[in-house]
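Q: I'd like to go over a predicted model; first the sequence, then the structure.
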2 protein chains.
Amino acid sequence: MLKEERRNFIMNEVKMRNRVLLTDLAIKLAVSEDTVRRDLKYLDKHGQVKKVHGGAISNSFHLYHYREQEIYAHESKSIIAQKAHALLKEGQVILMSGGTTNLELARLLPQDFQATVFTLSLPVAMQLLEHPTIETIFIGGRLSKEAQISLGAETVQALSQLKADVCFLGTGHLDADYGLTEIDWEVVQLKKAMIAASRKIVSLTISEKMNSVQRYKVCETQGIHTLITELKPHDPFLEPFRKQGLEIL
Amino acid sequence: MLKEERRNFIMNEVKMRNRVLLTDLAIKLAVSEDTVRRDLKYLDKHGQVKKVHGGAISNSFHLYHYREQEIYAHESKSIIAQKAHALLKEGQVILMSGGTTNLELARLLPQDFQATVFTLSLPVAMQLLEHPTIETIFIGGRLSKEAQISLGAETVQALSQLKADVCFLGTGHLDADYGLTEIDWEVVQLKKAMIAASRKIVSLTISEKMNSVQRYKVCETQGIHTLITELKPHDPFLEPFRKQGLEIL
DNA sequence: AAAAATCTTGCAAAAAGTTGCAAAAAGCGT
DNA sequence: ACGCTTTTTGCAACTTTTTGCAAGATTTTT
């Protein structure tokens, strides 16, 4: 295993768990503790982790604090983000909506992944700026205090100029029969515009948000190409969606 | 469990409950009381908690911690932000650039102040979202990783559609003879566009950034209407600017 | 004031870190 | 392909940090 691979692996672990133990890493990587120690020392020197006695902890808490505990169903969202990453190819143009699942995805993108990301979520944009190679473009507009995203006509207008390779649609209410629905009329306009602006639509949804219906419809179930949940792909719970022709990850 | 994790856990408990007992922590963390005691002693010494007999209590009221210490010349910037606020009227349309001085201004806006703020700084936007009555509009574009602001043609184009009542120009290099200059060409384009988009231009500058000249010019000294520094308005240091007809606060 | 709880101090064992070194691996010019 | 240098890695001896324990002092409670 190459040194760089090893360090990427370590960074991944740090991001996922927010902390790593020297001994764990030495076993997982099948190298001596000294080597891991040197890696951590290097990563610390370059500001990528914080080295502490016995291991290292994440150091990317500076500007806005991301608190894992505060994010509901964090574990599930982390799994979803991992699966979503498998869909991505280098150099793609990606459109990301808001929500904590998308934030998690932004956080877990490997350090050496290259892409252009359009987003209208302030937290997602903040997170992406910490990534060394991702080019981030923020789609402006009137900001929603609650959702921390751009909303309104201007935003929809800006989206109409875009054609992304893939769009990650976060939090919403998904039902196999009724399709994707939302509570907020403006968010519906936004998501419609996002769908129109992308070749491939991927829905990131924790299972408990599924099979519920809200007032306004964003699109039919078939309008979504790929569905990613925290469940195993063959969970019977997902069967109705598979029948509708969605790719399930 | 790592020492730092333990201390983070303790800090979390302290913030949540405002007080912690030594014995409780020892059980929850599955370590000896001595260890917890040492942790609390350390955290106390570093001003993170207040150690008391049998446990510790919270010592800070800045509930959401905006890290004041990390901002260079924070004191000066705070004074500047206070003065800047005196310029504002209810219901105005304000355009804010990036930089920590503007961030400070955003932070210090009184809770009952009403206005519409356009900005291209991600941190400023984040801060404004916490304000109950300010309407925030983010001017999108390609994001700069270092400055955390929108840059580029798209941003300049969006600015051209705008006419704000007042524009707060942050950090730059200001010289009485040479005017406002910048290191980065793209930032110059941006600031020019911001100036064109505003009726009144206010420069927020800490005194040490004055009387220095950089490669690219944004505008003449007279192009700025009001100058706000941390100095007293009649400081002789500011005389050259007064002579040029600037309002000094 | 006595009892209980908590704190201080010193100490020792375990875990982790440091340093120097040498072998293996990789890179490089010829 | 061949020596040469440089980098990487693991090892060993030694140091430092961390942690729990115990004895005695101090504080709090009853």
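A: On my side now, so go ahead.

Q: residue ranges for the helices of chain A, please.
A: Applying DSSP state H to chain A gives helices spanning A:3-17, A:22-29, A:33-45, A:74-87, A:100-108, A:122-129, A:153-159, A:185-196, A:239-243.

Q: Which residues of chain A lie near DNA strand C?
A: Where chain A comes near DNA strand C, counting by C-beta under 7 Å from any atom of the strand, the residues are A:21, A:22, A:23, A:33, A:34, A:37, A:41, A:51, A:52, A:53, A:54, A:55. Backbone N, C-alpha and C define where each C-beta goes, glycine included.

Q: Let me have those residues in JSON lines, extended by distance to DNA strand D and pLDDT.
A: Written out in JSON lines, the entries for the residues of chain A next to DNA strand C read as follows (distance: C-beta to the nearest atom of the strand, whole Å; pLDDT from 0 to 100):
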{"residue": "A:21", "distance to DNA strand D": "12", "pLDDT": "91"}
{"residue": "A:22", "distance to DNA strand D": "12", "pLDDT": "91"}
{"residue": "A:23", "distance to DNA strand D": "13", "pLDDT": "91"}
{"residue": "A:33", "distance to DNA strand D": "8", "pLDDT": "91"}
{"residue": "A:34", "distance to DNA strand D": "4", "pLDDT": "92"}
{"residue": "A:37", "distance to DNA strand D": "9", "pLDDT": "94"}
{"residue": "A:41", "distance to DNA strand D": "11", "pLDDT": "92"}
{"residue": "A:51", "distance to DNA strand D": "11", "pLDDT": "92"}
{"residue": "A:52", "distance to DNA strand D": "7", "pLDDT": "91"}
{"residue": "A:53", "distance to DNA strand D": "4", "pLDDT": "92"}
{"residue": "A:54", "distance to DNA strand D": "7", "pLDDT": "90"}
{"residue": "A:55", "distance to DNA strand D": "11", "pLDDT": "91"}
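
Q: can you put the helices of chain A in JSON lines and add mean neighbour count?
A: JSON lines is the format used below for the helices of chain A (neighbours: other C-beta atoms under 10 Å in any protein chain shown):
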{"stretch": "helix A:3-17", "mean neighbour count": "17"}
{"stretch": "helix A:22-29", "mean neighbour count": "16"}
{"stretch": "helix A:33-45", "mean neighbour count": "16"}
{"stretch": "helix A:74-87", "mean neighbour count": "18"}
{"stretch": "helix A:100-108", "mean neighbour count": "24"}
{"stretch": "helix A:122-129", "mean neighbour count": "25"}
{"stretch": "helix A:153-159", "mean neighbour count": "19"}
{"stretch": "helix A:185-196", "mean neighbour count": "19"}
{"stretch": "helix A:239-243", "mean neighbour count": "15"}
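
Q: what would those helices look like in JSON lines with distance to residue B:130?
A: Conversion of the helices of chain A to JSON lines gives the following (distance: least, C-beta to C-beta, whole Å):
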{"stretch": "helix A:3-17", "distance to residue B:130": "26"}
{"stretch": "helix A:22-29", "distance to residue B:130": "38"}
{"stretch": "helix A:33-45", "distance to residue B:130": "32"}
{"stretch": "helix A:74-87", "distance to residue B:130": "23"}
{"stretch": "helix A:100-108", "distance to residue B:130": "18"}
{"stretch": "helix A:122-129", "distance to residue B:130": "12"}
{"stretch": "helix A:153-159", "distance to residue B:130": "21"}
{"stretch": "helix A:185-196", "distance to residue B:130": "21"}
{"stretch": "helix A:239-243", "distance to residue B:130": "38"}
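
Q: of the ones you listed, which approaches residue B:235 most closely?
A: Across the helices of chain A, the minimum distance to residue B:235, taken as C-beta to C-beta, is reached by helix A:122-129, at 37.2 Å.

Q: What degree of burial does the residue of chain A found nearest DNA strand C show, as a neighbour count?
A: Closest approach of chain A to DNA strand C (C-beta to the nearest atom of the strand) occurs at residue A:54, with a separation of 3.9 Å. Here the count is done by other C-beta atoms under 10 Å in any protein chain shown, and residue A:54 has 15 residues near it.

Q: Only the buried residues of stretch A:106-123, if you could.
A: A:106-109, A:111, A:113, A:115-123 (16 or more other C-beta atoms under 10 Å in any protein chain shown).

Q: and which of the residues you listed is nearest DNA strand D?
A: Set against DNA strand D, the nearest of the buried residues of stretch A:106-123 by C-beta to the nearest atom of the strand is residue A:111 (17.0 Å).

Q: how long is stretch A:181-189 from one end to the other?
A: Taking C-alpha to C-alpha, to the nearest Å as the measure, stretch A:181-189 stretches 11 Å from start to finish.

Q: Quick one: distance of that stretch to the chain centre.
A: Offset of stretch A:181-189 from its chain centre (C-alpha atoms, centre = their mean, to the nearest Å): 21 Å.

Q: anything in that stretch near chain B?
A: No - judged by C-beta under 8 Å from any C-beta of the partner chain, stretch A:181-189 stays clear of chain B, getting no closer than 14.3 Å.

Q: So residue A:87 is in contact with residue A:166, correct?
A: Yes - under the contact definition of C-beta atoms under 8 Å, residue A:87 touches residue A:166, with a separation of 6.8 Å.

Q: Please identify every residue contacting each of these two.
A: Here residue A:87 and residue A:166 share the contacting residues residue A:202, scored by C-beta atoms under 8 Å, 6 or more residues apart in numbering or on different chains.

Q: Nearest to residue B:9, out of the helices of chain A?
A: When the helices of chain A are ranked by distance to residue B:9, counting by C-beta to C-beta, first place goes to helix A:3-17 at 14.6 Å.

Q: Nearest residue to the middle of chain A?
A: Note on chain A: the residue nearest the mean C-alpha position is residue A:105, at 1.8 Å, using C-alpha atoms, centre = their mean.
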